[in-house]
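>>> this one's sequence-less:
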């Protein structure tokens, strides 16, 4: 094929009107995202699409979160694979990061592309899901108390989320609060030190983020949330070093996938005495 005969693809910013077509792309890949999940990311992040004669054939997102930016939902229609479209979308997403450090969660198929663009592994995320058996409630230590959280706690939740993830979670969580079904936290001597959120996502519910001082607190919070939705399909994405996997497996949330955490620079680190035990989503971190 001559140069003049090669197809010309049109790359541009994503708009609200693109969300249904983008959702269709993820459905074709059998990804579980609902239309509402795409709409949430389109609101809080900078999205990119590529078209072939008006047909949307690829997507990518960059979500700025302080000194870092997460890149996610990099998708190219199967019919258009192998033409450098994914690489171009990644270049746009990386450019949108500006001076921020780019981070992402890479599938096995996507990891070679990201490695070629300077991303380096720094950990792994395990996807657990299923219809959970409501586990026995792990005990808390003396001085700790679990309670339902309210709108009055939101500022403190954001502080904890920022410390546990190393990211600026304000925009993400302020959007998420509108759809959260259950929010629980642990206080120690009256000071909030851990929390977990449950909301609709994908095929059912998602638990995340979970921020805690230790695995015992994280397990307690997750068990409380699972008791709220005993018949629901639940998904949770955890760092592989969280210490939660065997307990989740015993509770019926089986590991179904593992992805690599990758950064184009120094990865984020937790601050203080808390860390993140479950992500918001793989696309957001």
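Nice, I can see it. Here the structure is a predicted model, which is why all the values come from computation and not from measurement.

>>> neighbouring strands for the helix or strand that contains residue 123, and are they parallel or not?
Under the criterion of DSSP states H and E, residue 123 resides in strand 120-131. Neighbouring strands of strand 120-131 in its sheet, by DSSP bridges, are strand 233-239 (antiparallel), strand 254-263 (antiparallel).

>>> any idea how far residue 279 is from the residue nearest to residue 102 when sequence neighbours are not counted?
Counting by C-beta to C-beta, 6 or more residues apart in numbering, residue 264 is the residue found nearest to residue 102 once chain neighbours are left out, at 4.3 Å. Backbone N, C-alpha and C define where each C-beta goes, glycine included. From residue 264 across to residue 279, the span is 19 Å (C-beta to C-beta, to the nearest Å).

>>> returning to what we had before: buried ones in the strand holding residue 123, by neighbour count?
Using 16 or more other C-beta atoms under 10 Å as the test for burial, strand 120-131 gives 125-130.

>>> Over to stretch 223-230?
Neighbour counts over stretch 223-230 (16+ other C-beta under 10 Å) mark 223-226, 229 as buried.

>>> Break the chain down into its structural domains.
What automatic domain parsing lists as the domains of the chain is 3-125, 127-258+266-278.

>>> Columns mean pLDDT on top of these, output as TSV?
Converted to TSV, the domains of the chain look like this (pLDDT from 0 to 100):
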stretch	mean pLDDT
domain 3-125	93
domain 127-258+266-278	96
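
>>> got these as CSV, with distance to residue 284 columns?
CSV is the format used below for the domains of the chain (distance: least, C-beta to C-beta, whole Å):
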stretch, distance to residue 284
domain 3-125, 6
domain 127-258+266-278, 6
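
>>> do you know which of those lies nearest residue 285?
Distance to residue 285, taken as C-beta to C-beta, is lowest for domain 3-125 among these, at 4.5 Å.

>>> And the closest one, how far out from the chain middle?
Relative to its chain's centre, domain 3-125 lies at 14 Å (C-alpha atoms, centre = their mean, to the nearest Å).

>>> Name the SS class of the residue nearest to residue 179 when sequence neighbours are not counted, please.
Closest residue to residue 179 apart from its sequence neighbours, by C-beta to C-beta, 6+ apart: residue 199 at 5.0 Å. Secondary structure, DSSP: H, G, I helix; E, B strand; the rest coil: residue 199 is strand.

>>> need the contact list for residue 158.
With contacts defined as C-beta atoms under 8 Å, 6 or more residues apart in numbering, residue 158 is in contact with 169-170, 173-174.

>>> What's the PyMOL line that selects buried ones from the residues you listed?
In PyMOL syntax, the buried subset of the contacts of residue 158 is picked out as below (16+ other C-beta under 10 Å):
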select buried, resi 169+170+173
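
>>> Show me which pair in the contacts of residue 158 is furthest apart.
Pairwise distances across the contacts of residue 158 peak at 8.9 Å for 169 and 174 (criterion: C-beta to C-beta).

>>> was I right about residue 78 contacting residue 28?
Yes. In this structure, residue 78 is within contact of residue 28 by C-beta atoms under 8 Å, at 7.0 Å.
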